[in-house]
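*Asks:* got a sequence here, can you model it:
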Amino acid sequence: MPSRVLAAVDGYQRRHRWLGFPIAVVYKFFDDQGSYLAALIAYYGFLSLFPLLLLLVTILGFALDGNPDLQADLFNSALAQFPVVGTQLRENVHSLTGSGAGLAIGIVVLLYGCLGVAGALQNAFNRAWAVPHHRRPNPIVARLRSLLLLLVLGAGVLVTTVLAALTTGADAYGADVGGALRMGAIVLAVLANFGLFTIAFRVLTASEIATRDLLVGAVVAAVGWQAMQILGTYFVTHSLKGTQEAYGVFGLVLGLIAWIYVLALLTVLATEINVVIARHLWPRALLTPFTDSVELTGADERAYTGYAGSEARKGFEVIDVGFEKPAGDDPER
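*Replies:* Numbers count the residues shown, from 1 in each chain. Now for the predicted structure:
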């Protein structure tokens, strides 16, 4: 009886895309160890965050030395990107009043963290797309791509920061923003995020992947990031109202890591959606992650063939993948 129920559920999800497609995305995510890829991205993201804020307040100290109010407004706008722990960040990161040493240290550590983030993203994207190692950029080209991405996205981050201040952080800082303007800012923020993710996916994914195959994931990531901003602000406004947002420095660190990790998970998941659509990696056999006693679908075989091919280290290395009928009882019984 249990085997018949499983067979019925399996047959149903194979015939209905609304169920089979998300199952295939989840299976692909776990096949690629997406949670570990996101953890690596979050690690470098955390390393780069404080140097980024240090660099920001130091540059503001140089450029706006005589206008501390404007410095605070711009810094608070940047912190609107972190609604859950924004207040704690504001209390723990202070301007160095134009310190040259602080600027130099901030740039060095920021480059290390940002290049690490870009490298982790490249690894995640190329792994999701099963790009063979010999077709991935060499270490020098990979870092040049990362630098290019940082330069291109710099202006975009400034735009999204200002829009975030209008949408998620205005009330927290005493601004009165009308509903129509707030909604318009949300739409513009989503469009800006879409552009940023499209650029990031294009620059950090091997060039053999067509740009059109990256757009659906860019939409998912853009909407998801904006939704996280809104949900985070709602959480602060309602669930944390009248309480401390985090428990000191320990809570600040945990909150930041959790926030960055969730955003990294969303980015990796958006990439997996792109891959499943472009490579038509659905429907998957329902029990394929759990047992060898299963009849693979065409999508299963394409996925497993890609995993094996992605391990090729040299262009003249030949990897041949074949599948035999599973040993033992008929899996359909």
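
*Asks:* so which helix or strand takes in residue 316?
*Replies:* Using DSSP states H and E, residue 316 sits within no helix or strand.

*Asks:* can you report how many residues neighbour it?
*Replies:* By other CB atoms under 10 Å, 6 other residues sit near residue 316. In short, each C-beta sits where N, CA and C put it, glycine included.

*Asks:* give me the phi and psi for it.
*Replies:* When quoted as degrees, to the nearest 10, the phi and psi of residue 316 stand at phi -90, psi 10.

*Asks:* distance of it from residue 134?
*Replies:* 9 Å (CB to CB, to the nearest Å).

*Asks:* residues near the closest residue to residue 47 other than its chain neighbours, how many?
*Replies:* The shortest distance from residue 47 to any non-neighbouring residue, by CB to CB, 6 or more residues apart in numbering, is to residue 113 (3.9 Å). By other CB under 10 Å, the residues close to residue 113 number 20.

*Asks:* residue 113 and residue 40: what is the separation?
*Replies:* From residue 113 over to residue 40 the distance is 12 Å, taken as CB to CB.

*Asks:* then residue 230?
*Replies:* When residue 230 is compared with residue 40 (using CB to CB), they lie 27 Å apart.

*Asks:* show me which of those two is the more surrounded one.
*Replies:* Using other CB under 10 Å, the more surrounded residue of residue 230 and residue 40 is residue 40, with 17 against 13.

*Asks:* contacting residues around the more buried one?
*Replies:* Residues near residue 40 by CB atoms under 8 Å, 6 or more residues apart in numbering: 120, 123-124.

*Asks:* for it, helix, strand, or coil?
*Replies:* Secondary structure state of residue 40, per DSSP: H, G, I helix; E, B strand; the rest coil, is helix.

*Asks:* ranking helices and strands of the protein by mean pLDDT, which lands last?
*Replies:* Across the helices and strands of the chain, mean pLDDT, DSSP states H and E gives its lowest value to helix 86-92, namely a mean of 50.

*Asks:* and the helix or strand just after that helix, what's buried?
*Replies:* Note on helix 86-92: by DSSP H and E, the next helix or strand toward the C-terminus is helix 100-128. Of the residues in helix 100-128, 102-103, 105-106, 109-111, 113-128 count as buried by neighbour count, 16 or more other CB atoms under 10 Å.

*Asks:* show me what helix 100-128 is packed against.
*Replies:* Helix 100-128 sits against helix 34-63, helix 139-167, helix 179-204, helix 248-278, with contacts defined as 3 or more CB pairs under 8 Å, 6 or more residues apart in numbering; DSSP states H and E.
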